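>>> for reference, the sequence and a predicted model appear below.
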Amino acid sequence: MTDDSNGATAIAGPRVNLLSVVTIGFMAVFIIGVLVLLLTGLSYTDYQSIAEVLGSKPIRAAFRLSAVTSAATLGLVVVFAVPVGYALSRYRFPGHVVADTIVDLPIVLPPLVIGVSLLGFFKTPLGQFIESPRGLNLQFVYTTRGIILCQFLVSASYGIRAAKAAFDGVDRRLEDLALTLGCTRMQAFRKVALPLARNGIVAGAIMAWARAVGVFGPLMIFAGAVRMKTEVMPTTIFLELSIGRVEVAIAVAIAMLTMAAIALILIHSLAPGRRWWGV
Amino acid sequence: MIKVDGLTFHAGGFRVREVSLDIAKGEYFVLLGPNGSGKTLLIKCLCGLIRSAAGSIVIDGEDVTHLKPRLRNIGYVPQDYRLFPHMDVARNVTFALRMHGMSHRHALEEIAPLVEMLRLRPLLDRSPIGLSGGEHQKVALARALALRPKLLLLDEPVSALDDPTRRDVCAELRRVQREFQIATIHVCHSFEEAVMVSDRAGVMFNGRLVQTGTVHTLLRQPSNETVARLLHVENIFSGRATHLDGGNSRIDFAGHRITISQRCEGDIRFVVRPELLRVSPQGAAGADCIQAELLRIDDLGSYARRELEAGVRIVAYTNPDTISRRFQMGRRYAVEFPPDAIHVLSE
Amino acid sequence: MGNGKCFGHLAGCLLAVAIASSLCGCGKPADEAALRCYVGGTMRPAMQELIDIYEKETGQAIDLDYGDSGSCLVKIETTGKGDLYVAHDPFLNALNVKNLSRQGWAVAAVTPMIAVPKGNPKNIRGLEDLAREGTKLGLTDETYNTLGHILPVMFKKTAVQAKIEKNIRTRTRMGGEVANNVSLGHLDAAIVWNAVIHVRRDKLDAIPIENRFRPDSKVDVVTSPTFGEVDMSNIRVTIATLKCSKRPKAAAKFAEFVSSPRGRAVFAKHGFSPARSGQQAGTPLLLYCGAGIRPPAAEIIEAFNAETGVTVEVDYSGGGVLLSRMKLSGRGDLYMPGDVEYIEQAKELGMIASQKSACCFVPVILVQKGNPKGIKTLQDLTRPGIRLGRGNPDACAIGKNCERVFKKNKIDRDALRKNLVFQSVTVNELGVQIKTGQLDATIVWDAIAAYYSREAEAVAIPPEQNEISPVGIAVLSFSKNKELSRRFAAFVAGEKGKAIFRKHNYTIDIPR
């Protein structure tokens, strides 16, 4: 138990050997590939397109909507992932394996299927009840709420999976010990399990958020692609490509990347642990 | 005053049955037993981490059998210490107080004497990651003692430490325990450790508490072979006892005959305390002597261990000073069995 | 250290955002007052411009929901929300068949053209130039794309079909994708709709396809990937109001605006061709004609034109498809479906002014040449291992009739269902399937069987087992030219018409 809690430790000794050359070589190939891809993307666009993107009202609205919905989705994912991950990690109940599998299903489900299924669901009596003013009066189809629902369904599994793995990594005997020191189960969870699982949960939340920002297929179907209303950034990219404005689409993508980078730095700085710049 | 009565429970297919135990205020009790005998489980049950199926646990007159762990007022130091890696040492130590609503600063004042006593002050700002084993142990102890519990449970507190540290820590444990006058149960499987710290000890085997008593009682009069073997008692023999007149009995074993001042009859197992055996070239008159061939002598510093062969392997401990040229390997000597050196095992 | 506290704050913030956004304004349904208009294909820029104008002038908000036409259709069907749909003909047909539309207005048309990079570096002048060696060509998918369906018809008319096909580098589902590939320089040419090129006009040039290679509206009727047969020579863009609309009047008002000359001008500006419709230029008659009667109908129309100088435009498709299209548009003059029952249905809807009998449809069993499976009777169709095809009873006359024949002869339905491998929307497809060996047997009209006599063989059904379907021609009640329409109907039912039917192997009198 005296190891670094992150598990990873650098290997001491001479740095140039077959293993280090091979592994770092592969890493370099991948990173160069990604950079080349980014630079090629950049070469397709120009200053004018970027200015157009920043100045265009619908695109700014899409940008804002992406930020708001993905933040809301992130919140929902965390709210769900923490208890679900904990339950899956700590409790063994009949159907545990089934539950564990079902939690993963949305990852393999083609996103379009999620969109179509959602549309189908809101056609059923239960769905109608949720949407009708005489029932719950919560409209989802073609609304911002629908965007959040889609993003949540597509991304929640990543958060839950990560939270489960994080809680798996927390020795449950630490919680037991906390009980003998005067904690209730809930306090032991809050004071011991949660802080120790934090890094894993944050990593999972970032994955989920990244996924949520990029969701596109089910949104087109379930929330529509209405400018200024349900248009998020991936929709914008699709719309711009559909009329052949590759450079504008790329400019939007660059804006998305910038937003993602800012958000990642923000998340890391709010939840200190390992700093994003490493070491 | 801790009173455990008929405590029975299961945990993961393992059963602990009818453990009854009284520990007086300020008593240091060592629980011995081989791995898998249920010692740790018993500790966990006392903490309330395992639910009991029958029996009761009473601490100072209060029945805590069905209380939640946090309400039992028991301090627990687990085997691997389990410090909270996300808190510094100070927060680890004040954890219990903070859980009872005290602020961290206030709690630090509260535990200042404890910190002084365990000499923890230089460690307070450090992370548990990077502490040495002994430091770990002290922090875990302080954390468990912060609430001034009525019972302290130590699960193999020194097993993970190297030998010299172990001795220091045992002394430290003893000192702290005296200071606090706290009833303590200390689990280990080393008899030496028990000798160092305990007022009284108990032996667990196969989910049962087999025998309790002072370490000397355990050593000299193990109630059965299991206890004897656990305490590394040598010279365990089988024989046939015949009751004689006047409270004496005769034992025949491996073609030899000795007399003991005890009543017994039939097939028995018995131990012979090696330090009471006398080995000489000729046996003394009137004593039970067995002629045996000397196989080897090991000088162990404080005593010499001799191994002799007489149909059975007999071990005798003697003062190393008495090792002299008179003893030669392969020669036969007389081994004298005083009646009080022999203890008959039950079962 | 305070890590825990910080983390707690972060989690709290996120939770607050989540709750606030899902309960407050964020979840509000897209403006109650706004109309929802689904726009497919390449029509978005034009429609966006029209909506902006309309919103400014009337204050009526309209949400434009864009997607490929197919997924728009799915959305309409499953959500039951929305007011308008703008799409190409094939998807509009699908909308009609599914009975989701209320009324439609043609606003423009699209024409296939060759997209080349700006400046035409490969100097492509026409369709045949695509056969030049080393030309990297991109096309749309044959199965999923309307234009993709037309392409083989056009290539067949060139002498260099094989060479063109050798040059195909990619086939995409949407025209925009191949067009993007041309503008990025990965392809030398692509065939797409003119409007697709128009939105990329700063990077692409449009090369027209020579008229002689274009699909001929009288001959080259192609089955669209979605529903029914479409006259591919003139793919129209139509705006339709939806049955599920809660504000049909407001929706219709907007549709009328889009189809007004102003609206059409906007479409023209965005590179669309003008829609050809029945009411323009010398008021030709519009005939809705069952696809199974196409060959004689085309000849009769030519004869009528020669005699009277009146042009008759024809919309060929399955009888049921035509019926819904008539209903939807409220336009047209004449209706000649393959089954008289459709006329009865139209009559119930009050769409028929008068009718006349034209010819008879006699169902026969069509099998492969030489009858390799030895099919002699209707009962033989239920034999295991027979690959059976039939018309869809809801979409075309042969399907309806087939149903009656099976019922009359009490053919085992389960056995039929087991053998059924293909269900078509028009009768012509059944003939094609036998010809290509995809089917062992099917039931078609005698005239269709005669048309395929070189590649297939007809097995007659005894009259007492058969259900003969009389074919009628009706004048529609909303025809604006009833006098002329009656003349055409009389011409069809008269001696000259009958002669042409006979020539095409159609039966005129019910055999006894």
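Arrived safely.
>>> which stretches of the stretch 301-450 of chain C form helices?
Along the stretch 301-450 of chain C, the stretches classed as helices by DSSP state H, counting those that start in this stretch are C:319-329, C:340-348, C:397-408, C:413-419, C:427-435, C:446-451.
>>> ok, which of those comes nearest chain B?
Between chain B and the helices of the stretch 301-450 of chain C, the shortest gap by C-beta to the nearest C-beta is with helix C:413-419, which sits at 56.8 Å. Where you see a C-beta, it was placed from the backbone N, CA and C, and this is true even at glycine.
>>> buried residues in the closest one?
Judged by neighbour count (16 or more other C-beta atoms under 10 Å in any protein chain shown), helix C:413-419 contains these buried residues: C:415, C:416, C:419.
>>> what's the helix or strand for the closest residue to chain C within the stretch 51-200 of chain A?
Closest to chain C within the stretch 51-200 of chain A is residue A:75: 3.1 Å, counting by C-beta to the nearest C-beta. Element membership for residue A:75, per DSSP states H and E: helix A:57-90.
>>> does any part of that helix sit near chain B?
No: figure legend: helix A:57-90 not in contact with chain B (C-beta under 8 Å from any C-beta of the partner chain); closest approach 14.3 Å.
>>> where does the stretch 201-350 of chain C get nearest to chain B, residue-wise?
residue C:244 (56.6 Å).
>>> what are the phi and psi values for the nearest residue to that residue once chain neighbours are set aside?
The spatially closest residue to residue C:244, leaving aside those adjacent along the chain, is residue C:80, at 4.6 Å (C-beta to C-beta, 6 or more residues apart in numbering or on different chains). Dihedral pair for residue C:80: phi 60, psi 20, per degrees, to the nearest 10.
>>> so what's residue C:80 scoring on pLDDT?
The confidence metric pLDDT takes the value 82 at residue C:80.
>>> point out where the chain drops to low pLDDT.
Let's take chain A. Counting by pLDDT under 70, chain A shows low-confidence ranges at A:1-14, A:268, A:270-279.
>>> look at chain C instead
C:1-32, C:216-234, C:276-283, C:309, C:510-512.
>>> domain-wise, how is it divided?
Structural domains of chain C, as assigned by automatic domain parsing, span the residue ranges C:35-108+C:234-269, C:112-213, C:285-361+C:469-503, C:363-460.
>>> on the three-state scheme, residue C:457 is what?
With DSSP: H, G, I helix; E, B strand; the rest coil as the basis, the three-state label of residue C:457 is strand.
>>> what's the answer for residue B:122, then?
helix.
>>> to what extent is it buried, counted in neighbours?
Residues contacting residue B:122 under the criterion other C-beta atoms under 10 Å in any protein chain shown number 10.
>>> quick check: it vs residue B:65, distance?
Summarising the geometry, the distance separating residue B:122 from residue B:65, computed by C-beta to C-beta, to the nearest Å, is 41 Å.
>>> with adjacent residues omitted, what lies nearest to residue B:288?
Of all residues not flanking residue B:288 in the chain, residue B:258 sits nearest, at 4.1 Å (C-beta to C-beta, 6+ apart).
>>> please name the bridge partners of the one you found.
residue B:251 (DSSP bridges).
>>> residues touching residue B:178, list them.
When the contact criterion is C-beta atoms under 8 Å, 6 or more residues apart in numbering or on different chains, the partners of residue B:178 are residue B:26.
>>> what does the one 4 residues further on give?
For residue B:182, the contacting residues are B:26, B:75, B:145, B:149, B:150, B:151, B:152, by C-beta under 8 Å, 6+ apart.
>>> same list (the residues you listed) but as JSON lines, adding pLDDT, distance to residue B:333 and neighbour count.
Converted to JSON lines, the contacts of residue B:182 look like this (pLDDT from 0 to 100; distance: C-beta to C-beta, whole Å; neighbours: other C-beta atoms under 10 Å in any protein chain shown):
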{"residue": "B:26", "pLDDT": "89", "distance to residue B:333": "48", "neighbour count": "14"}
{"residue": "B:75", "pLDDT": "92", "distance to residue B:333": "54", "neighbour count": "27"}
{"residue": "B:145", "pLDDT": "91", "distance to residue B:333": "54", "neighbour count": "23"}
{"residue": "B:149", "pLDDT": "91", "distance to residue B:333": "55", "neighbour count": "22"}
{"residue": "B:150", "pLDDT": "90", "distance to residue B:333": "55", "neighbour count": "18"}
{"residue": "B:151", "pLDDT": "92", "distance to residue B:333": "52", "neighbour count": "24"}
{"residue": "B:152", "pLDDT": "93", "distance to residue B:333": "50", "neighbour count": "23"}
